Structures are given as C-alpha cells and as structure tokens.
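Q: Here is my input, please return the structure:
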Amino acid sequence: MRLFPLIAASLLALVGAAAPVAAVEAEPIAIVEQIAQRLGETMDARREELSRDRNALNAVIDDVVLRSFDTEYAALLVMGRYAREATPAQRERFTRAFYDSLVNRYGEALLQYTRGSVVVLPFRGELNDRRTTVRTQVVTGDGTRIPVDYAFRKTRSGEWKVFDVVIEGISYVTNYRNQVVAEIQKTDIDAVIERLEQQGLSAIDANAG
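A: Sure thing, here's the model as predicted:
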C-alpha cells in the first residue's frame, strides 16, 4: 500500500510558497507547510539517528504530525456504523490502536523517503468554514504529478485538524474503513482491536530488538 509513503513524501517536500487563498483556507495551508518544514529540517538533521532509534522517530511523528491529525474523528469514520454499536471503552481502545498504527506506518514511510517537491494548488472554494481541503501535487523524480489532498475539519475548540488524506482520488479513511469493516464482519470489534494492539506491541518489540 503506497498511501503512507506518498503522504510522508508530500509533507516533507512541501517547502514552496502557497498560492493566494481565501482567509478560511489560510490556516489549514499554514498547518501543512509548518508540518512539512519541521519534518524536513528534522529528517535532514537526524535521519541517521532516527533510523536507529524508532522510539525517537515515533516521538517526532507524534509531536510534529499527529498533533494536527484528528485521530479520534478519523477513527470513528474508520469504524463506520460499528462506531455506534461499540461501547465507549471499545471506541477508546480502537482510537488508541489506530493512533499507534499511524505512528508506526508514518515511521516506515519517512525512513524510506527521498526528497521531491510539492505544489500547493489554488483554492477553488471547496466546502465551507467548518470543513475544507488543501490540494497539493507531489512531483516525483521523473516529473509525474500525484494529487494529494488534505481534508480538514474545524473542531469544537476552533482548531483546524486533518482527518483524511486523499491520494490520486483514494481516501485513506475510506480505504482503511473498508478493510476494518470487512474484518469486523468476519470476526468482531474486539478481535480487530486486539489485532491492532498486538501489531503495535510487535512493532515495539522489533524496535527494542
């Protein structure tokens, strides 16, 4: 699955100036650019260290990237209709496992990343003052342009946060939800949560080893 390498690549490569946009769009674009700048500087300065120390890499991802990602909302979207059927404890466990999976998969992508470039596309009046989209294109080494869109929502506290990334028309949330829902239908919510939690523990054990 190449969604995460492209997400990481687009964030790390986004160093150019954004196109003029409406005021509602300024903050989400600024968030994307700030993440990109911080990640790019960090990876350039600490790539060798972070490749050896996965815990340190995860801490960077947690601090720089995922604080701007609405993991709770995204996790509910991934669970689909089963979010309504789940208990509060199940939703909390699933969100935590989902968050850990994001951290681990982002780490793999960043360590494999080769710098490219990203173009922020002009604002087209997408959505409204509660939800909006930052549209970009990742330009690869051979000149191919890959569309990468960041879906933002404004939280109750007034913060803009990313809740989905759409690459070449494929939504990460929708793609992941299809997998999770299919697995829940074959087993149950607890089995899916336990698998995700075990994956997180296995990743920790592998890093420690």
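Q: Tell me where the chain has strands.
A: 117-120, 131-139, 145-154, 160-167, 170-171 (DSSP state E).
Q: Let me know which of those is the nearest to Leu66.
A: strand 160-167 (9.3 Å; CB to CB). (Glycine included, C-beta is placed from N, CA and C.)
Q: I'd like the strands of the chain as CSV, with distance to Tyr99, mean pLDDT and mean neighbour count appended.
A: As requested, the strands of the chain are arranged in CSV below (distance: least, CB to CB, whole Å; pLDDT from 0 to 100; neighbours: other CB atoms under 10 Å):
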stretch, distance to Tyr99, mean pLDDT, mean neighbour count
strand 117-120, 25, 66, 18
strand 131-139, 22, 84, 20
strand 145-154, 17, 89, 20
strand 160-167, 13, 90, 21
strand 170-171, 18, 90, 15
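Q: Adding distance to Gln198, write these out as TSV.
A: Listed next are those as TSV, based on distance: least, CB to CB, whole Å:
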stretch	distance to Gln198
strand 117-120	35
strand 131-139	33
strand 145-154	30
strand 160-167	25
strand 170-171	26
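Q: Show me the shaky parts of this protein.
A: 1-26, 108-109, 111-118, 124-127, 141, 200-209 (pLDDT under 70).
Q: do that again at 50, thanks
A: Residue ranges of the chain with pLDDT under 50: 1, 13-25, 204-205, 208-209.
Q: Longest helix in it, please.
A: Scanning the chain for the helix with the most residues, using DSSP state H, yields helix 23-52.
Q: Determine how far that helix lies from the middle of the whole chain.
A: Mean-position distance between helix 23-52 and its chain equals 13 Å (CA atoms, centre = their mean, to the nearest Å).
Q: Next, the buried residues of that helix.
A: 24-25, 28-29, 31-33, 35-36, 38-40, 42-43, 50 (16 or more other CB atoms under 10 Å).
Q: Out of the strands of the chain, which is closest to Val60?
A: Across the strands of the chain, closest to Val60 is strand 160-167 (CB to CB), at 17.0 Å.
Q: For the nearest residue to Ala74 once chain neighbours are set aside, give me its contacts.
A: Distance criterion CB to CB, 6 or more residues apart in numbering; nearest residue to Ala74, sequence neighbours excluded, is Phe163 at 4.9 Å. The contact partners of Phe163, by CB atoms under 8 Å, 6 or more residues apart in numbering, come to Phe69, Asp70, Tyr73, Ala74, Leu77, Ala151, Phe152, Arg153, Val173.
Q: could these be laid out in TSV, adding distance to Gln199?
A: Shown next, in TSV, are the contacts of Phe163 (distance: CB to CB, whole Å):
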residue	distance to Gln199
Phe69	19
Asp70	22
Tyr73	22
Ala74	17
Leu77	20
Ala151	25
Phe152	28
Arg153	27
Val173	19
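Q: Ala86 - nearest residue in space that isn't next to it in sequence?
A: In space, Ala86 is closest to Ile189, 5.5 Å off (CB to CB, 6+ apart).
Q: again with Asp70
A: Lys161 (3.9 Å).
Q: My guess is that neighbour contacts Tyr150. True?
A: No. At 10.2 Å, Lys161 does not count as touching Tyr150 under the criterion of CB atoms under 8 Å.
Q: any residues in contact with both of these two?
A: Joint contacts of Lys161 and Tyr150 (CB under 8 Å, 6+ apart) do not exist.
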